[in-house]
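**Q** Dropping a prediction and its sequence here:
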Amino acid sequence: MSVVISGAGVWTPEHRISNEELVEAYNRWAVQYNRKNQEAIESGACEEKPLSSAEFIEKASGIKSRYAYIKDGILDIDTMFPRIPPRSEEQLSHQAEMAISAAEIALQQAAKTSEDIDMVIVSCAYTERSYPAIAIEVQHALGIQGSGFDMLVACSAATFALQRAYDAIAAGSARCVLVINPELTSPQVNYCDRDSHFIFGDVATAAIVESDASARAEHIWDILDTRAITRYSNNIRSNFGYLARSEAVDPFAEDRLFHQNGRKVFKEVCPMAARHLADQIRAAGLEVSDIRRWWLHQANLNMNLLITKKLLGRNLTQDEAPTVLDTYANTASAGSIIAFAQNHQDLDPGDYGIICSFGAGYSIGSLLIQKTEGKMGSG
Ligand SMILES: CC(C)(COP(=O)(O)OP(=O)(O)OC[C@H]1O[C@@H](n2cnc3c(N)ncnc32)[C@H](O)[C@@H]1OP(=O)(O)O)[C@@H](O)C(=O)NCCC(=O)NCCS
């Protein structure tokens, strides 16, 4: 039996923030901070906040803009975080709403309804609460039988969840799995940190994984191999957590928000990812040159250029390795799935592709897939 991806969907928030808007707000905030703290800065008691630049951001990362679930507050220098209106326990939660919007597109692409699904995995970098699981809320809202659970693997949450879905179908513990990645990253971004204020954006992606026997979609991708590896690193951290209350620390202190040693991440993750992909492709009896399309993690354009150069000895074209981070920024685990969802329908049966994520943990997840004949209209 082969296990396939038969649908993928992207839900994009309506609010967009350009580098220029973000930098303008950050710089106004930094100037105000420096003015307020002038004496302390002069005495050496605190450091002056450096200014940010839109040119630096685009050159260092390839990011030109990002989407925000809620824009209100992010550009207000007296706030510097998204003001997300609270919802009651009776209302659909924010992440469940994002997740359902993406799920509906993936279901439609796969020519499936809620009745066909028997497992929901919500997998992302952060969930807005511990329980009940967002996946169970989505399951309830869509009227899905079976089970649902949440999992967190930072930037590799989507690929690791696709591997869980693959395993469930292969083992027979599920018939058709809905994997959703509601990446609501903006509440964990430190918009007052010049080195990281530009990195993240919000989005939700979804995919349907099932047996080839039940697939009815126009575009079907056979999953030939899945791989997931982790290696502990402190270089990318987000320390927000429930212990803040017991530790009596500020839950929103700088060290609780996203922070990284970007240079080290760049240097350590690129060779790991290149080795991982080369091993996976060769173990399947293929050469890296056999891969028609690379749907890579979307954190930094220069990282992707370096990884593909290590693998193929040349820069890949937009057609070979589509970039979406210019408009979406880093959307944690969703980046490679956005790239896949928006750039797979033009390929032909027999074409090979790689979906790969890498990031905090460290973690690397990848799927080697091959397009098969679509079945739309075959009943
Ligand atoms: C984050 C990242 C884009 C920063 O790029 P970089 O070239 O490593 O930049 P550095 O932080 O070393 O800074 C280079 C210079 O630009 C400055 N700089 C940093 N941020 C800046 C900004 N927003 N505006 C202007 N200048 C900035 C730094 O102060 C530094 O100046 P210096 O040389 O005088 O010290 C890069 O390290 C990266 O992408 N790493 C990959 C990790 C990643 O994105 N992970 C996300 C999770 S997977």
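**A** Yep, that arrived.

**Q** near the ligand, which residues of this structure?
**A** The chain comes close to the ligand at residues 52-53, 56-57, 60-61, 155, 194-195, 198-199, 236, 260, 262-263, 265-266, 299-300, 303, 330, 359, as judged by C-beta under 6 Å from any ligand atom. Glycine gets a C-beta too; all of them are placed from N, C-alpha and C.

**Q** From the structure, what's the count of residues near the residue lying closest to Ala161 once chain neighbours are set aside?
**A** In space, and not counting its chain neighbours, Ala161 is closest to Ser123: 3.4 Å by C-beta to C-beta, 6 or more residues apart in numbering. Ser123 sits with 28 neighbouring residues when counted by other C-beta atoms under 10 Å.

**Q** Is it correct that Ser123 falls within a strand?
**A** Yes. Counting by DSSP: H, G, I helix; E, B strand; the rest coil, Ser123 falls inside a strand.

**Q** Next, the contact list for it, please.
**A** 150-153, 157-158, 160-161, 164, 179-181, 333 (C-beta atoms under 8 Å, 6 or more residues apart in numbering).

**Q** Can you say which of the residues you listed are buried?
**A** Buried members of those, scored by 16 or more other C-beta atoms under 10 Å, are 150-151, 153, 157-158, 160-161, 164, 179-181, 333.

**Q** Switch these over to JSON lines; also include secondary structure, pLDDT and distance to Ala253.
**A** What follows is the buried ones among the contacts of Ser123, written out as JSON lines (DSSP: H, G, I helix; E, B strand; the rest coil; pLDDT from 0 to 100; distance: C-beta to C-beta, whole Å):
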{"residue": "Asp150", "secondary structure": "strand", "pLDDT": "98", "distance to Ala253": "25"}
{"residue": "Met151", "secondary structure": "strand", "pLDDT": "98", "distance to Ala253": "27"}
{"residue": "Val153", "secondary structure": "coil", "pLDDT": "97", "distance to Ala253": "24"}
{"residue": "Ala157", "secondary structure": "helix", "pLDDT": "98", "distance to Ala253": "25"}
{"residue": "Ala158", "secondary structure": "helix", "pLDDT": "98", "distance to Ala253": "29"}
{"residue": "Phe160", "secondary structure": "helix", "pLDDT": "98", "distance to Ala253": "29"}
{"residue": "Ala161", "secondary structure": "helix", "pLDDT": "98", "distance to Ala253": "30"}
{"residue": "Arg164", "secondary structure": "helix", "pLDDT": "98", "distance to Ala253": "33"}
{"residue": "Val179", "secondary structure": "strand", "pLDDT": "98", "distance to Ala253": "33"}
{"residue": "Ile180", "secondary structure": "strand", "pLDDT": "98", "distance to Ala253": "31"}
{"residue": "Asn181", "secondary structure": "strand", "pLDDT": "98", "distance to Ala253": "27"}
{"residue": "Ser333", "secondary structure": "helix", "pLDDT": "98", "distance to Ala253": "25"}
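
**Q** any idea which of these is closest to the ligand?
**A** Checking these against the ligand by C-beta to the nearest ligand atom gives Ser333 as the nearest, at 9.9 Å.

**Q** And the pLDDT at Met376?
**A** pLDDT, Met376: 75.

**Q** I figured it hits Ala215, correct?
**A** No. Under the criterion of C-beta atoms under 8 Å, Met376 makes no contact with Ala215, lying 10.0 Å away.

**Q** Counting neighbours around each, name which of those two comes out higher.
**A** Taking neighbours as other C-beta under 10 Å, Met376 and Ala215 compare with Ala215 leading, 27 against 10.

**Q** Okay, the residue lying closest to the more buried one once chain neighbours are set aside and Val179: tell me how far apart.
**A** Leaving aside its chain neighbours, Ala215 sits nearest to Ser6 (4.4 Å; criterion: C-beta to C-beta, 6+ apart). Ser6 sits 12 Å away from Val179, going by C-beta to C-beta, to the nearest Å.

**Q** Common neighbours of those two, please.
**A** Joint contacts of Ser6 and Val179 (C-beta under 8 Å, 6+ apart) are 208-209.

**Q** residues contacting Gly201?
**A** With C-beta under 8 Å, 6+ apart, Gly201 has these contacts: 65-68, 185-186, 328-331.

**Q** Go again with 6 Å.
**A** Contacts for Gly201 (C-beta atoms under 6 Å, 6 or more residues apart in numbering) come out as 66-67, 328-329, 331.

**Q** For the ligand, what's its nearest residue on the protein.
**A** For the chain, C-beta to the nearest ligand atom, closest residue to the ligand: Gly262, 2.6 Å.

**Q** what about that residue, neighbour count?
**A** 17.

**Q** Break down the stretch 201-350 of the chain into its strands, ranges please.
**A** Secondary structure of the stretch 201-350 of the chain (DSSP state E, counting those that start in this stretch): strands at 203-211, 220-230, 236-237, 259-260, 291-296.

**Q** any idea which of those is most buried?
**A** strand 203-211 (a mean of 28; mean count of other C-beta atoms under 10 Å).
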